[in-house]
Each structure stands twice: as structure tokens, then as C-alpha cells.
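Enquirer: I'll drop the sequence and a predicted model, then ask my questions.
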Amino acid sequence: MKFVAFERAKQGTGASRRLRITGKTPGIVYGGEAQPQLIEIDHNALWHALKKEAFHSSILEMEIAGAATKVLLRDVQYHPFRQLVQHVDFQRVDARTRMTVKVPLHFKGEEESVAVKLDHNLVNHVMTELEVSCLPADLPEFIEVDLSGLTKNATVHVNDIKLPKGVKFVSHGKVNPVVVSAVPPLVAEEPAAGTEGAAAEGAAAPAAKADAKAPAKKK
């Protein structure tokens with residue numbers, strides 16, 4: 001994906017606030033051998049780009065001052081309640097250096113699986129993305145997970161997923177975490193036969209006693 005950015009001369013809270021008033025979003029590009037560079041991006045264009053999954057997980061081509069640079073989106077700061085991007089960070093990409101990126105998971109086939117179709121299990125997506133390490137050329141836009149073979153009460157772990165060539169899972173100490181689990185649906189327990197009648201009789205008994213104790217009305 002491509003986007004256009006412009007050099008930003010001023011920095012600081014006041015300068016950033018004035019920039020946002022004009023419909024621009026302040027940002028920064030860092031990494032590689034070059035120094036960090038302050039940039040600004042058209043807010044509306046950035047807002048629509050951020051709605052696309054690929055903008056978050058793929059190598060982007062940033063055009064600035066007529067030159068193209070390969071970058072990766074690293075951080076986005078949103079306003080607490082307004083539809084406003086306050087700041088955005090990009091990292092330059094070196095084709096020879098491995099990088100760590102979170103890649104979204106795309107699930108398919110769960111509706112045709114035995115767990116769902118026959119046993120009516122609920123499919124719980126424990127993880128919706130994987131953090132992986134790879135070279136920029138090997139970075140996938142997403143990782144597909146086929147759940148058509150999912151069975152009753154089964155689980156799918158990271159090791160069960162076939163990762164693209166050159167892509168390795170970053171575990172952070174969790175060797176083989178669960179990605180998907182099939183769980184039986186919750187069934188509401190029906191009251192045992194006679195329970196409702198007994199409860200009604202129990203409630204009626206005090207009322208009957210109260211009526212018996214009540215003084216007769218004078219005619």
C-alpha cells in the first residue's frame with residue numbers, strides 16, 4: 001500500500017495542535033541508518049487507510065519529497081472519544097533485517113466442521129493475531145487457519161498452524177498457546193418435575209396461615 005507524507009518542520013504540543021486544526025496528523029519515521037524524521041499526513045486519508053487491515057500488517061510505501069521509503073506502521077494514538085488520530089509512528093524497513101510484527105489470523109471452514117455442524121460447539125477464537133519474526137520480503141498480509149477439521153471439544157494450538165516460509169512464531173515464553181477452542185453450548189437446566197408445584201405450595205402455606213389468623217370482619 002502507498003501513502004503520501006510531508007516533512008514537518010515544527011514540533012511540540014502547540015505545533016501539533018495547530019497542525020490537527022488544519023486537518024493534518026503529526027507523525028514520525030524512525031529506524032534504519034537515517035535520523036528520525038518528523039512528518040505530517042492528511043488526516044482523512046490516514047483515517048480511511050487505518051480501517052484497512054493491510055495498513056496495519058504489511059510493508060507500506062511512503063512517498064515523501066518525491067522519494068519512496070518502505071515503512072511499517074508501529075503505533076497509532078487516537079483521541080479518547082473523538083474520531084481523531086492524534087499521532088502516528090512508522091518504522092523504516094531494512095530488507096536484510098528480520099523484524100517482529102503482529103499478523104492477523106483469518107479463520108475459515110468452522111461452519112463445515114464436525115464440532116459446529118454436528119455437535120453444535122461454539123468456536124472460541126482465543127487469539128486473533130500472531131506475533132511473528134521474518135524478513136520484510138516474507139511478511140504475510142495475514143495467516144489463514146483452516147478449522148474444517150475441528151472436532152468436538154477440540155483445541156487448535158500454534159504448532160497446528162502452517163506458517164508461511166521464513167516466518168517464525170514469537171512465543172514470549174508461551175511455547176504452544178491455544179489459538180482456537182471448541183466448547184459445548186451452555187444448556188439451561190430445567191427444574192425437576194414437581195419442584196415448581198412444591199415451591200408454589202410452600203408459598204401458599206404461609207398465606208393460608210395468615211388468612212386463618214386474620215380476625216373476621218364485623219358485619
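Expert: Good, I have the coordinates.
Enquirer: C-alpha only now, for contacts and for neighbours.
Expert: OK.
Enquirer: Pull out the buried positions in the helix or strand where residue 14 lies.
Expert: Following DSSP states H and E, one finds residue 14 within helix 13-21. If you call a residue buried by 16 or more other Cα atoms under 10 Å, then helix 13-21 has these buried ones: 16, 19, 20.
Enquirer: so what's the residue nearest the centre of the chain up against?
Expert: The residue lying closest to the centre of the chain (Cα atoms, centre = their mean) is residue 128, at 5.9 Å. Shown in contact with residue 128 (Cα atoms under 8 Å, 6 or more residues apart in numbering): 104, 105, 106, 179.
Enquirer: What strands line up against the strand ranked longest in the chain, and which way round?
Expert: Longest strand in the chain, counting residues (DSSP state E): strand 67-78. Neighbouring strands of strand 67-78 in its sheet, by DSSP bridges, are strand 60-64 (antiparallel), strand 85-92 (antiparallel).
Enquirer: what's the offset of that strand from the middle of its chain?
Expert: Relative to the centre of its chain, strand 67-78 is centred 19 Å away, using Cα atoms, centre = their mean, to the nearest Å.
Enquirer: tell me which residues in that strand are buried?
Expert: Buried residues in strand 67-78, counted by 16+ other Cα under 10 Å: 69, 70, 71, 72, 73.
Enquirer: Can you classify the residue nearest to residue 8 when sequence neighbours are not counted by secondary structure?
Expert: Closest residue to residue 8 apart from its sequence neighbours, by Cα to Cα, 6 or more residues apart in numbering: residue 39 at 4.7 Å. Under DSSP: H, G, I helix; E, B strand; the rest coil, the three-state class of residue 39 is strand.
Enquirer: now the helices: where do they sit in this structure?
Expert: Using DSSP state H, the helices assigned to the chain run over residues 13-21, 43-50, 53-57, 114-117, 195-213.
Enquirer: re the thing from before, helices or strands up against the helix holding residue 14?
Expert: Packing contacts for helix 13-21, counted by 3 or more Cα pairs under 8 Å, 6 or more residues apart in numbering; DSSP states H and E, involve strand 24-30.
Enquirer: what's the closest residue to residue 78 other than its chain neighbours in contact with, if anything?
Expert: Once flanking residues are discounted, residue 78 sits nearest to residue 85: 4.5 Å by Cα to Cα, 6+ apart. Taking Cα under 8 Å, 6+ apart, we find residue 85 in contact with 25, 43, 47, 76, 77, 78, 79.
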